[in-house]
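> Just a sequence and a predicted model for now, questions to come.
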Amino acid sequence: MCRQAELDLIVVGGGIVGLATAVAAQDRGLEVRCFEAARPGVGQSAGRTRIFRHRHERPELVEMAVRARREWERWETRLGHRLVGDEGALVAGPDLEDHARRFETAGVESTQVDPSAQRRALPILASLGETALLDHKGGAIRIRDAVEALVGWLGGRLVLAEVLSLEQADGALEVHTSEGIWRGRHAVLCAGAGTDRLARPLGFELPVSHGCQLRATFGVREGLAGERLACLLDRRDSAASGVYASQCEGRPCYTVGLHSSEVPLPDGTAPIPAAESLSPAVEHTSRYVAENLPGLDPEPVELRLCRTTKLPWGDDASAAWQEGPVTVFAGNNVFKFAPLIGPLLVDSAVSDEVAPELAVPAEVPA
């Protein structure tokens, strides 16, 4: 194997967070390489759409979302076109007043909307009840455009290679890959479902649990196909543990996921469930669509299984851990935060101290 010159930063993982980290390092003049075993953005960052939203239970996450939205806008300026839609996001559930207060505190523009205004924002909708909250700067993230933009900005600093191990040798880090060995001063490990496997030999024991969640895509009925459709965050049905949905870019389709469809997996390398085991989740999702989104055909046109990596203190939790020159990042629902997390991980790596925004909360075990 060939041995390369020493790098300032090694990034392991070519999902949205790894790519954002490598671009942030490159922008600061650091010599960086981002290593990805497959096509960038096909792991936990895969899919056609994600929701940018400010709705979070913890005020600090609402504030991070505000900062992340500004970073998305900077990416858009650099790229020359939008990466986050301006459709807005409709929020429904029993705790709207709490969310409205958190929005107001963080300076998030929102409006309480009645059923007629709900349908103006989301014409395929029946009703979310007497009132819902419209997050005006929410919207569908154009996943593929975002990933392709980051890949283009990195150019040859993106290395398509399987990372076999990350080791410390002779006072430096070595990343052993299928394409050679590189040495570096610092490393950020953010490889999605494979993070804890690669981190364990370095002494990290991450408190992550793995799962797999169904997302079903439905066609928009004739007559509504050209309408702009807000994203949807519906927590009214406790049995479903919440519904999230957003428009697909460039297609008259709408993707719907139920949190209750998640299937636990023993580890990040476990195979996804067999197709026949998905029938109850597909039926539940289709039933929700038929009852609440009559502007969609209730028969899905596409099914997608998405891996999840969760931390024990919340569905939207993420954190970084550090040991010597290695910084490890894990979390769930982080796509919307990526333009902010990337620079924070570079800060953490080069300063040898985890950025406060990425630190494990004091009240939970590290």
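Noted; the coordinates are in hand. Numbers count the residues shown, from 1 in each chain.
> ok, Val301 - how many residues close by?
For Val301, the neighbour count with other CB atoms under 10 Å is 13. Placement of C-beta: from N, CA and C, glycine included.
> for Ala362, same thing?
Neighbour tally, Ala362, other CB under 10 Å: 6.
> for Pro201, same thing?
10.
> Point out the other helices and strands that the biggest strand by length in the chain packs with.
Across the chain, the longest stretch assigned as strand under DSSP state E is strand 296-310. Where contact means 3 or more CB pairs under 8 Å, 6 or more residues apart in numbering; DSSP states H and E, strand 296-310 is packed against strand 209-220, strand 253-258, helix 279-292.
> Show me how far stretch 174-184 is from its chain's centre.
Mean C-alpha position of stretch 174-184 versus that of the full chain (CA atoms, centre = their mean, to the nearest Å) differs by 27 Å.
> repeat for stretch 221-236
Worked out by CA atoms, centre = their mean, stretch 221-236 lies 21 Å from the chain centre.
> again, but for stretch 139-156
That offset, for stretch 139-156, works out to 13 Å (CA atoms, centre = their mean).
> Then stretch 84-91?
16 Å.
> Compute the mean per-residue pLDDT across that stretch, please.
Averaging pLDDT along stretch 84-91 gives 97.
> Show me what counts as buried in it.
84-85, 87-91 (16 or more other CB atoms under 10 Å).
> The residues you listed into JSON lines, with extra columns for secondary structure?
Compiled in JSON lines, the buried residues of stretch 84-91 are given as follows (DSSP: H, G, I helix; E, B strand; the rest coil):
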{"residue": "Val84", "secondary structure": "strand"}
{"residue": "Gly85", "secondary structure": "coil"}
{"residue": "Glu87", "secondary structure": "coil"}
{"residue": "Gly88", "secondary structure": "coil"}
{"residue": "Ala89", "secondary structure": "strand"}
{"residue": "Leu90", "secondary structure": "strand"}
{"residue": "Val91", "secondary structure": "strand"}
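> if I pick the nearest residue to Thr217 once chain neighbours are set aside, what's in contact with it?
Distance criterion CB to CB, 6 or more residues apart in numbering; nearest residue to Thr217, sequence neighbours excluded, is Glu302 at 4.0 Å. By CB atoms under 8 Å, 6 or more residues apart in numbering, Glu302 lies in contact with 216-217, 253.
> Out of the helices and strands packed on strand 296-310, which is the most enclosed?
Sort these by mean neighbour count, taking mean count of other CB atoms under 10 Å, and strand 253-258 sits at the top with a mean of 24.
> and it, what does it pack onto?
Counting by 3+ CB pairs under 8 Å, 6+ apart, strand 253-258 packs on strand 209-220, strand 243-247, helix 279-292, strand 296-310.
> at 6 Å what do you get?
Contacts defined by 3 or more CB pairs under 6 Å, 6 or more residues apart in numbering; DSSP states H and E place strand 253-258 against strand 209-220, strand 243-247.
> so where's this protein uncertain?
1-5, 238-241, 275, 364-366 (pLDDT under 70).
> Swap in 50 and give it another go.
1-2, 365-366 (pLDDT under 50).
> tell me the residue furthest from the middle of it?
Here the chain reaches farthest from its C-alpha mean at Asp170, the gap being 36.2 Å by CA atoms, centre = their mean.
> List the residues that contact Ala25.
9, 32, 346 (CB atoms under 6 Å, 6 or more residues apart in numbering).
> Can you get me a residue count around the first one?
When you say that, I think you mean Leu9. Using other CB under 10 Å, Leu9 has 27 other residues around it.
> Quick check: it touching Val32?
Yes - using CB atoms under 6 Å, Leu9 makes contact with Val32 at a distance of 4.5 Å.
> the helices in the stretch 51-200 of the chain, which residues?
59-79, 96-106, 115-121, 143-154, 195-199 (DSSP state H, counting those that start in this stretch).
> Could you list every helix and strand in contact with the last one?
Just to be clear, that refers to helix 195-199. strand 180-189.
> one more time with 7 Å
strand 180-189, strand 326-331 (3 or more CB pairs under 7 Å, 6 or more residues apart in numbering; DSSP states H and E).
> Is Arg304 bridged to anything, and to what?
Beta bridges link Arg304 to Arg215 when assigned by DSSP bridges.
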